[in-house]
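# the following block contains a protein sequence and its predicted model.
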Amino acid sequence: MIKRDHFIIKTKVYFNKGSMQMLKCMKGHCALVVSDSIMEELGYLEQAREFLREAGISSAIFTDVRPDPDASIVAAGVKAYEACHADVLVALGGGSVIDTAKAVLYFAGQRSMARGERFEKPCFIAIPSTSGTGSEVTNFSVISANGAKKVLIDDDISPDVALLDSICIQHVPPAVIADTGLDVLTHALEAYVSTDATDFTDALAEKTAELIFGHLKTLYDDPSNSDARDRVQNASCIAGVAFTNANLGINHSLAHALGAAFHLPHGRANALMMEAVIEFNADLAGGANNDAAWKYQKMAENLNLPARTPKEGTVSLLRAIGWLKRELGIPQGIHATGRVDPELFEKVVEGMAEEALHDRCTPTNPVQPTKEDLLRLYRKSF
Ligand SMILES: NC(=O)c1ccc[n+]([C@@H]2O[C@H](COP(=O)([O-])OP(=O)(O)OC[C@H]3O[C@@H](n4cnc5c(N)ncnc54)[C@H](O)[C@@H]3O)[C@@H](O)[C@H]2O)c1
Ligand SMILES: [Zn+2]
C-alpha cells in the first residue's frame, strides 16, 4: 500500500473574535450566502450581508438548508447559485450549511462542464456556527440521498477562506455543544489511528484532544465563557485539518448509517459508537497489542492518563471518554436516546452494517472490519 506522503492546508483561516468582519475585505461583485433560518433569526445573516455590502459585493441568499441536507436541498441551492451568477460563495452556519454550499459548488461545476463551459470557481468563504465538523477546512461534504448519507470528497470543494468568529457560536444550545464537541473528539481519534495518519496529522489530533478534554465541559456548563468558546472552536478547525489529510474510520461509517436511519444528530451518533469502536480497533479483548492500541496509549499519555502499556492506555482513554460523555449528558447507549425502537433497530441493523462497510471512511480504519464485525459493534452499542 502506498503511504500518504503529503499534507495540505488550502484554506486561509482567520480565528479572532469578530473575524466575520473580514468579509469587508473580500473582492467580488455578487455573493450567494448559503445559510439557514436560525442564522437568519439570530441576525448573523444580515450582519454578513452588511459586511459584504461594505466590500461593494451585492448578495442573494439561500436559507433553505435543514440538518443533514439531502439532494433536493442541494439542487435548489444550485439553482439559486446559477440564478445570481455569483463570484463569491459564503456558507454561514453549521456543518449542514457548509456541506450544502460545498455540494452546490461541486454540482454547479459539473453542470457547467456538461454544458461545455468553463467553470469560473467563486471565492468560497465558510463561517462555521457550530464547533464540530471542521467542514470550513475540509474537502468532505456529507449529503443524504435515498435515506443514506453519502460522503463526497474533492479538493476543489475545500473553502478558500474560513472565518472562525466565536461570536457566531454564542447561542448554540448545550445539547448541540455536547454533540458537536464529541464529533470533534471523534475526528481527532479517528485521524490519529487512521492508516493515512502522519506526524503532521498526529500533532493536530493530539492538540485537538487536549483542547476538547480541557474546555468542552466548561463550555457546556457556561456557553457564555468566551475563552472556552474560542478553544473549542479552534479544536474543531484543527481536527478538520487533521482529518481532511488523514481521513477517518469506521466510527464515522457506523454513525453515518445510524444517523440516517434514526435521524440522530451526527455528533451524537458518533458519540454512541465511540467506545465500541476503540475497543475493536485496539483489539482490547485480544490483549491490545496492535498499532492502534499503541496510538491510543500515546494519546492517553499526552492527556496525562495512566498509560504504562497499550492496554492500560486504551482503557484509560475509554474511561476518560465515558466520564466526559456522562458529564455532557450523552445517553448511555443507542436505546437510551429514546429515539430507536429495538424491534425496528433489529430490522434495519444489517442494512446499516452493509452501508457502513462501503462508506468512504472505512478504508482508512486501522483494522479492516467485516460486515459481521460492524453488526457486532452496532449491537454492542445498543
Ligand atoms: N464536511 C465535513 O467535513 C463533515 C464532518 C463531519 C460531519 N459532517 C456533516 O455535518 C452535519 C452536522 O453538522 P453540525 O454538527 O455542525 O450540525 P448542523 O449544522 O446540522 O446544526 C445542528 C443544529 O444546530 C443549529 N445551529 C447551528 N448553529 C447554531 C447557532 N450558532 N446557534 C443556534 N443554533 C445553531 C442548526 O440550525 C441545526 O438545527 C451532518 O450532516 C454531518 O454528517 C460534515
Ligand atoms: Zn464527524
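Thanks, I have the structure now. Given the structure is predicted, the values throughout are model-derived calculations rather than measurements. Residues are numbered from 1 along each chain as shown. Ligands and ions are numbered 1, 2, ... in the order given.
# which parts of this protein sit against ligand 1?
By CB under 6 Å from any ligand atom, the residues of the chain that approach ligand 1 are 36, 38, 67-68, 93-97, 99, 129-130, 132-135, 138, 140-142, 149, 168-169, 171-172, 176, 180, 183, 266-267. Placement of C-beta: from N, CA and C, glycine included.
# these, buried ones only, as a PyMOL selection?
In PyMOL syntax, the buried subset of the residues of the chain next to ligand 1 is picked out as below (16 or more other CB atoms under 10 Å):
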select buried, resi 36+38+68+93+94+95+96+97+99+129+130+132+133+134+135+138+140+141+142+149+168+169+172+176+180+183+266+267
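# tell me which of the residues of the chain next to ligand 1 fall in strands.
Counting by DSSP state E, the part of the residues of the chain next to ligand 1 found in strands is 93, 140, 141, 142, 149.
# secondary structure element holding residue 113?
In the assignment (DSSP states H and E), residue 113 maps to helix 95-114.
# okay, buried residues for that helix please.
Buried residues in helix 95-114 (16+ other CB under 10 Å): 95-109.
# about what we covered before: just name the closest of the ones in strands among the residues of the chain next to ligand 1 to residue 218, please.
residue 93 (24.2 Å; CB to CB).
# wait, isn't the closest one in contact with residue 36?
Yes - with contact defined as CB atoms under 8 Å, residue 93 reaches residue 36; the gap is 5.1 Å.
# need the residues touching each of these two.
Residues touching both residue 93 and residue 36 (CB atoms under 8 Å, 6 or more residues apart in numbering) are residue 65.
# before we move on, the earlier item: can you give me how far the helix holding residue 113 is from the chain middle?
17 Å (CA atoms, centre = their mean, to the nearest Å).
# now do that helix: which elements does it pack against?
Helix 95-114 sits against strand 30-34, helix 71-84, strand 88-93, strand 123-128, strand 140-145, strand 148-153, with contacts defined as 3 or more CB pairs under 8 Å, 6 or more residues apart in numbering; DSSP states H and E.
# which segments of this protein make up each domain?
Here the domain parsing of the chain from automatic domain parsing is 12-169, 174-381.
# for the ones you listed, give me JSON lines that also has mean pLDDT.
Below are the domains of the chain laid out as JSON lines (pLDDT from 0 to 100):
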{"stretch": "domain 12-169", "mean pLDDT": "96"}
{"stretch": "domain 174-381", "mean pLDDT": "97"}
